[in-house]
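Asker: Prediction below, plus the sequence it came from.
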Amino acid sequence: ADTFMFDIPALMGHQAAYTSDNLFICNKITDNNDTLGTICIRTELAELKNIKNKQYEIAAVILVIGVGLAFLIALLVQPYISRRLLHLVGVMRQVGKTGDYTRQVNTDGKDEIAMLSNVFNNLMNQVRESQEKKDEFIGIASHELKTPLTSIKGYLQVLESIETKQPNKQYVQKSLDSVNRLQQLIFDLLDVSKIQSGQLHLNVTSFDIDALVDETIASFQIIAIDHQLTRKGAQLNLIVDADRQRIEQVLVNLLSNAVKYSPPDTNIYVISEKKENQLTIRVCDQGIGILKEEQPRVFDRFYRAKDNSVLISGFGLGLYICKDIMLRHKGKIWVESNGVGTKVSFSLPIQNN
């Protein structure tokens, strides 16, 4: 009894206690409130520990199986989800790159990706409608402004021819210059409207490209009095089939940009060359240049270089129109710049003579 009692820990007023290996239960034996003794029971917990360990093992196996099933499900579902998301991202990138707001994505299903696709389609519809309204407004406004502006220009030209006193004549000349700039803007807006509606047509004829380049340089030199326009290279003696007026428009636009973005008293070079079945004309200036990251976007509609948009006037339409004209001729136009000076080139396919 002494040995047994020695193995029993002090219950400290409790009727049961645990140790690492045993469970002790003690209870008093009483008779009419007289304590006759105490009975204690001790049982080993090895079986309970075995049960607990088995439960842990089962839980671990279930956890491993659950993680494996989750990974398998994710592996099977992930391509389906990723494919739809990547398709949506791809369409967004194409819209941002091409400006084609007619693109739509598939909205099958009722999950979150389908909801996102539906929102994207609705947004594209709204943007397209706004774009159509804007183009319609530009076309109508340009046509309405063209007639009165032509009358104003005619009256100013008559007034310039009869006015001899200064500074009155100078005022008339400045007014006429402003009208010419406004008229050119209206022509650009009309061209943009024609491009958007698919009504910009070409009048293809055969003409001497050397004569066109020389005449354009000579006429533009009268306006660009602070710059020296020079043609480099030999005469090509080449007859091309293209829209002469539109090719001249492209060359004038490139010369205008070169003058606009170059400091006074600098040279602007026009280089023409024939290589195999391609005619290439380059306009090179010594101006402020174009950052490399902005070069792919200079042909976008209404885009202007960020560093120069505040200092130099313009609406970012000229190069956009030039690009469309060259595409309609099955040619191309591109820009090269290393930070100092800019070289803008366009090429036309020709038949070897």
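Answerer: Sure thing, it's come through.
Asker: ok, which stretches of this structure are helices?
Answerer: When assigned using DSSP state H, the helices of the chain occupy the ranges 2-7, 46-98, 112-162, 168-197, 209-223, 244-260, 318-328.
Asker: The nearest residue to residue 317 once chain neighbours are set aside: neighbouring residues, count only.
Answerer: Closest residue in space to residue 317, ignoring its immediate chain neighbours: residue 188 at 4.3 Å, by C-beta to C-beta, 6 or more residues apart in numbering. Where C-beta positions appear, they are placed from N, C-alpha and C, glycine not excepted. Residues within reach of residue 188, counting by other C-beta atoms under 10 Å, total 20.
Asker: cool, and residue 189?
Answerer: Around residue 189 there are 21 other residues, counting by other C-beta under 10 Å.
Asker: dump the residue contacts of it.
Answerer: With contacts defined as C-beta atoms under 8 Å, 6 or more residues apart in numbering, residue 189 is in contact with 138-139, 141-142, 317.
Asker: What about these, which one has the most neighbours?
Answerer: Taking other C-beta under 10 Å to define a neighbour, the member of the contacts of residue 189 with the most is residue 317, carrying 21 neighbours.
Asker: show me what contacts that residue?
Answerer: Neighbour list for residue 317: 185, 188-189, 191-192, 301-302 [criterion: C-beta under 8 Å, 6+ apart].
Asker: that older thread, need the helices of the chain in CSV with distance to residue 233 and mean pLDDT, can you?
Answerer: Converted to CSV, the helices of the chain look like this (distance: least, C-beta to C-beta, whole Å; pLDDT from 0 to 100):
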stretch, distance to residue 233, mean pLDDT
helix 2-7, 113, 44
helix 46-98, 35, 84
helix 112-162, 37, 83
helix 168-197, 29, 83
helix 209-223, 10, 92
helix 244-260, 15, 91
helix 318-328, 20, 90
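Asker: okay if I get these as a markdown table plus distance to residue 286?
Answerer: Output for those, formatted as a markdown table (distance: least, C-beta to C-beta, whole Å):
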| stretch | distance to residue 286 |
| --- | --- |
| helix 2-7 | 104 |
| helix 46-98 | 31 |
| helix 112-162 | 33 |
| helix 168-197 | 24 |
| helix 209-223 | 17 |
| helix 244-260 | 9 |
| helix 318-328 | 19 |
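Asker: do you know how far the residue nearest the centre of the chain is from residue 104?
Answerer: The centroid of the chain falls nearest to residue 96 when counting by C-alpha atoms, centre = their mean (4.2 Å). Here the distance between residue 96 and residue 104 works out to 15 Å (C-beta to C-beta, to the nearest Å).
Asker: same thing with residue 127?
Answerer: Distance, residue 127 to residue 104, by C-beta to C-beta: 12 Å.
Asker: And for residue 303?
Answerer: Relative to residue 104, residue 303 is positioned 25 Å away (criterion: C-beta to C-beta).
Asker: next one: residue 253
Answerer: Using C-beta to C-beta, which is the criterion applied here, residue 253 is 35 Å from residue 104.
Asker: can you check residue 82 too?
Answerer: Distance of residue 82 to residue 104, computed by C-beta to C-beta: 20 Å.
Asker: same check, this time on residue 252
Answerer: Here the criterion is C-beta to C-beta. By it, residue 252 lies 40 Å from residue 104.
Asker: In terms of neighbours, single out the busier of those two.
Answerer: For residue 252 and residue 104, the more surrounded residue by other C-beta under 10 Å is residue 252, and the numbers stand at 18 against 12.
Asker: Do I have it right that that one meets residue 216?
Answerer: Yes. With contacts defined as C-beta atoms under 8 Å, residue 252 counts as touching residue 216 at a distance of 6.1 Å.
Asker: Any idea how many residues pack against the nearest residue to residue 251 once chain neighbours are set aside?
Answerer: Leaving out its chain neighbours, the residue that sits closest to residue 251 by C-beta to C-beta, 6+ apart is residue 216, at 5.0 Å. The local packing count at residue 216 equals 21, with neighbours defined by other C-beta under 10 Å.
Asker: out of everything not next to it in sequence, what's closest to residue 258?
Answerer: Residue 258 sits nearest to residue 285 (C-beta to C-beta, 6+ apart), 3.9 Å away.
Asker: ok, that neighbour - contacts?
Answerer: 258-259, 261-262, 266, 268, 341-343.
Asker: Would you mind checking those for buried ones?
Answerer: 258-259, 261-262, 268, 341-343 (16 or more other C-beta atoms under 10 Å).
Asker: Which pair in those residues has the greatest spatial separation?
Answerer: When C-beta to C-beta is used, the two most widely separated members of these are 259 and 343, lying 14.9 Å apart.
Asker: Redo the contacts of residue 189 as JSON lines? Include distance to residue 289.
Answerer: Formatted as JSON lines, the contacts of residue 189 follow (distance: C-beta to C-beta, whole Å):
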{"residue": "138", "distance to residue 289": "31"}
{"residue": "139", "distance to residue 289": "34"}
{"residue": "141", "distance to residue 289": "34"}
{"residue": "142", "distance to residue 289": "32"}
{"residue": "317", "distance to residue 289": "21"}
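Asker: between the residues you listed, which is closest to residue 292?
Answerer: Minimum distance to residue 292 across the contacts of residue 189 is 22.9 Å, recorded for residue 317 (C-beta to C-beta).
Asker: For the closest one, give its distance to residue 190.
Answerer: 10 Å.
Asker: Residue 84 now?
Answerer: Summarising the geometry, the distance separating residue 84 from residue 190, computed by C-beta to C-beta, is 43 Å.
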